[in-house]
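Participant: Model the following, please.
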Amino acid sequence: MLVKSRTRFTCFWGSPKAAFQPVLEHSIFKAALNRGAKLVWMPRLDIAHEINARRLSFTAAEAGAATEGLPPLGPWNRQLITMWLRAMENNFAPVADWLP
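Facilitator: As a prediction, this is how the structure comes out:
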């Protein structure tokens with residue numbers, strides 16, 4: 001499984017595909033795909049830094065958990081997490097049987 005994360009740095013290249021183009025075209029990458037590896041795109045979660053600052057899991061942040069000194073995420077951001085988790089499940093579906 002080859003996972004590509006749509007992080008903030010990809011915005012400098014205009015699109016995630018453009019950012020990863022050198023990797024996608026590399027002979028080692030192509031050889032891995034030819035041997036059966038599957039490419040999985042990890043969707044971007046713009047509020048990941050907010051979750052990290054609270055030291056919460058994605059599901060705890062989605063449920064509205066709070067940590068000392070920081071309020072829980074608001075309903076809009078919790079919905080973003082819900083949509084991200086759904087996109088993660090869809091994107092990783094082709095390799096779900098490879099995962100524990």
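Participant: what's the least confident helix or strand in this protein, going by average pLDDT?
Facilitator: Here the helix or strand of the chain ranked lowest by mean pLDDT, DSSP states H and E is strand 2-5, holding a mean of 68.
Participant: Give the other helices and strands that the helix or strand that comes right after it contacts.
Facilitator: Next along the chain after strand 2-5, taking DSSP states H and E as the criterion, comes helix 16-24. Contacts defined by 3 or more Cβ pairs under 8 Å, 6 or more residues apart in numbering; DSSP states H and E place helix 16-24 against strand 2-5. (Each C-beta comes from the backbone N, C-alpha and C, glycine too.)
Participant: all strands in the protein, in order from the N-terminus.
Facilitator: For the chain, applying DSSP state E gives strands covering 2-5, 39-42.
Participant: May I see the buried residues of the last one?
Facilitator: Spelled out, it's strand 39-42. Across strand 39-42, burial judged by 16 or more other Cβ atoms under 10 Å covers Val40, Trp41, Met42.
Participant: bridging residues for the last one?
Facilitator: Residues in a beta bridge with Met42, per DSSP bridges, are Ser5.
Participant: Pretty sure it sits against Asn90.
Facilitator: No - contact criterion Cβ atoms under 8 Å: Met42 and Asn90 do not qualify, at 11.5 Å.
Participant: tell me the mean pLDDT over the lengthiest helix in the chain?
Facilitator: Taking DSSP state H as the criterion, the chain has its longest helix at helix 75-92. In this model, helix 75-92 has a mean pLDDT of 96.
Participant: Count residues in the vicinity of Glu50, would you?
Facilitator: 17 (other Cβ atoms under 10 Å).
Participant: quick one: contacts for it?
Facilitator: Residues near Glu50 by Cβ atoms under 8 Å, 6 or more residues apart in numbering: Ala61, Leu73, Asn77.
Participant: need those residues in a markdown table with distance to Ala96 and neighbour count, can you?
Facilitator: Below are those laid out as a markdown table (distance: Cβ to Cβ, whole Å; neighbours: other Cβ atoms under 10 Å):
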| residue | distance to Ala96 | neighbour count |
| --- | --- | --- |
| Ala61 | 23 | 24 |
| Leu73 | 27 | 22 |
| Asn77 | 27 | 18 |
